[in-house]
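Trainee: what's the 3D shape of this:
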Amino acid sequence: MLSTLSTALPTQTMSSAHLLQDLFAAAVAAAMPQEQVARALAPYLKTRPTGRVVVVGIGKSAAAMAKAVEDTWAQAGNSDPIPGLVITRYGHGVATNSIEVIEAGHPVPDANGMRGARQILQRVESLTADDLVICLISGGGSALFTLPPDGINLANLADINRQLLASGADITAMNTVRKALSCSSGGRLAAAAYPAKVVSLIISDVAGDSLSAIASGPTVGDGATAADALDILDRYQMTIPHPVRDYLKRNPNPVIAPNDPRLSTTTNHLIATPQQSLEAAAQVAIAHGYTPLILSDAIEGEARDVALVHGAIARQAKRHHQPVAPPCVILSGGETTVTVQQNFVGKGGRNSEFLLALASYLDGEPGITAIACDTDGIDGSEDNAGALITPELWQQGHNAQKYLNTHDSYSFFESIGALVVTGPTLTNVNDFRAIVIE
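Mentor: Here you go, the predicted model:
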């Protein structure tokens, strides 16, 4: 893990910063796909399937997962290459031997994602009951695996996605809309592969680890309706393109139902979760002599509101030794949201906005440091995973409220050298937050 922190900072600041980064590094390492893919896939490769084996995948970790499949396939004694195709975000590709990697747009879908989605469906739709599909799913797949129905074009979908991202809607609501406007998600990948056996290996990036919400559930049925999608679009006062509204009115049940027989040959495995990453960070805290307190792996809500609650808990621990006594580390995960106001002019993501609101609340209180990062290495659309803050760093900043008002948290932390920059981590279990209290 690398950061832009200055080595000229006071020793206490650097010590705290290093601990915070160690905690984040442990959380990311626990979600890396190599070992998890091998462990989950091994039982299916003990006896080679009688038919064809095809690998498909979507998400920010899809390429890294594909490489893990290739390694596991070879270790199982197979000398022939394993064919496949996966779609990942630009910059998240890795070198593979036989599995093709397509990089595409995220969080707004693009033509590459559409091309990849069409090719994946074509690869599985001619398979038989003797064949095996290894499906690799991770966060980000909702935008990457995009194939709109007839009458809706890519521009319509991109418009809806941009509005959803700025609306403050949570991931479940966003994916309800996305699934309703897709020919590839909401169980459709599994349905296309039927009657082949489908084994899905899934890295969770959603609160509660709902299989139907992760990457919009391409191998999982859903009971949501077009009316549910329209209700979300109207609730957040979004401008709905006419083709989108017309399609939803004509198709009241646009996703595959959970009891659809075409899903009967699919098995879904969660191989990495936010909770596992928080527990890994907790072990690092213990090794450094700190008592860990995991608040939750599924915290949602407006980033700055969540920050105030975290700040109040940190102060209670510092001043009254409740609910845990210092030295301690408060840990949490999940996915917050940022509702962008009309005067939005800045740069930043939900983790840096959380941290700026937290730091503003604490106002340099001694003995409290914090980090907030996205485990995929990209907070929003900038080049940072997130940021960290110490009392000493806070004293270097100015006009924090102005940065908050314009959602310009990236610029604030850039100005004090406190951005955490890792590059793509090739996994994704969503937000990671740690507050260290001395």
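Trainee: Settle this for me: residue 96 is touching residue 66, isn't it.
Mentor: Yes: with contact taken as Cβ atoms under 8 Å, residue 96 and residue 66 are classed as touching, separated by 5.3 Å. Yep, even glycine has a C-beta here, placed from its N, CA and C like the rest.
Trainee: ok, those two, which is more surrounded?
Mentor: A count of neighbours by other Cβ atoms under 10 Å puts residue 66 above the other of residue 96 and residue 66, at 30 against 20.
Trainee: wait, isn't the more buried one in contact with residue 57?
Mentor: Yes: Residue 66 sits in contact with residue 57 when judged by Cβ under 8 Å, with a separation of 5.8 Å.
Trainee: who touches both of those two?
Mentor: Between them, residue 66 and residue 57 share these contacting residues under Cβ atoms under 8 Å, 6 or more residues apart in numbering: 84, 86, 136.
Trainee: Just put those in a markdown table and tack on secondary structure.
Mentor: Rendered in a markdown table, the data for the shared contacts of residue 66 and residue 57 read as follows (DSSP: H, G, I helix; E, B strand; the rest coil):
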| residue | secondary structure |
| --- | --- |
| 84 | strand |
| 86 | strand |
| 136 | strand |
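Trainee: Buried among those? Make that a PyMOL selection.
Mentor: When burial is assessed using 16 or more other Cβ atoms under 10 Å, the buried subset of the shared contacts of residue 66 and residue 57 is captured in PyMOL by this command:
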select buried, resi 84+86+136
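Trainee: Out of the shared contacts of residue 66 and residue 57, which is nearest to residue 241?
Mentor: Of all those, residue 86 has the smallest distance to residue 241: 29.9 Å, by Cβ to Cβ.
Trainee: who's that closest one bridged to?
Mentor: With beta bridges defined as DSSP bridges, residue 86 has these partners: residue 57, residue 101.
Trainee: Tell me the pLDDT of it.
Mentor: pLDDT for residue 86: 98.
Trainee: That one is in contact with residue 65, isn't it?
Mentor: Yes: in this structure residue 86 lies within contact range of residue 65 using Cβ under 8 Å: 7.4 Å.
Trainee: anything in contact with each of these two?
Mentor: The overlap between the contact sets of residue 86 and residue 65 (Cβ under 8 Å, 6+ apart) consists of 57, 136.
Trainee: Mind listing residues that contact the longest helix along the chain?
Mentor: What stands out as the longest helix in the chain, according to DSSP state H, is helix 11-30. By Cβ under 8 Å, 6+ apart, the surrounding residues in contact with helix 11-30 are 1, 3, 5, 7, 9, 272, 276-281, 283-285, 288, 329, 331, 369-371, 373, 375, 377, 385, 388, 390, 392-393, 420, 422, 425, 427, 429, 432, 434, 436.
Trainee: Just the buried ones from these, in ChimeraX syntax?
Mentor: Buried members of the contacts of helix 11-30 can be picked out in ChimeraX with the line below, counting by 16+ other Cβ under 10 Å:
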select :1,3,5,9,272,276,277,278,279,280,281,284,285,329,331,369,370,371,373,375,377,385,388,390,392,393,420,422,425,427,429,432,434,436
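Trainee: Just the contacts of helix 11-30: which are in helices?
Mentor: 276-281, 283-285, 392-393.
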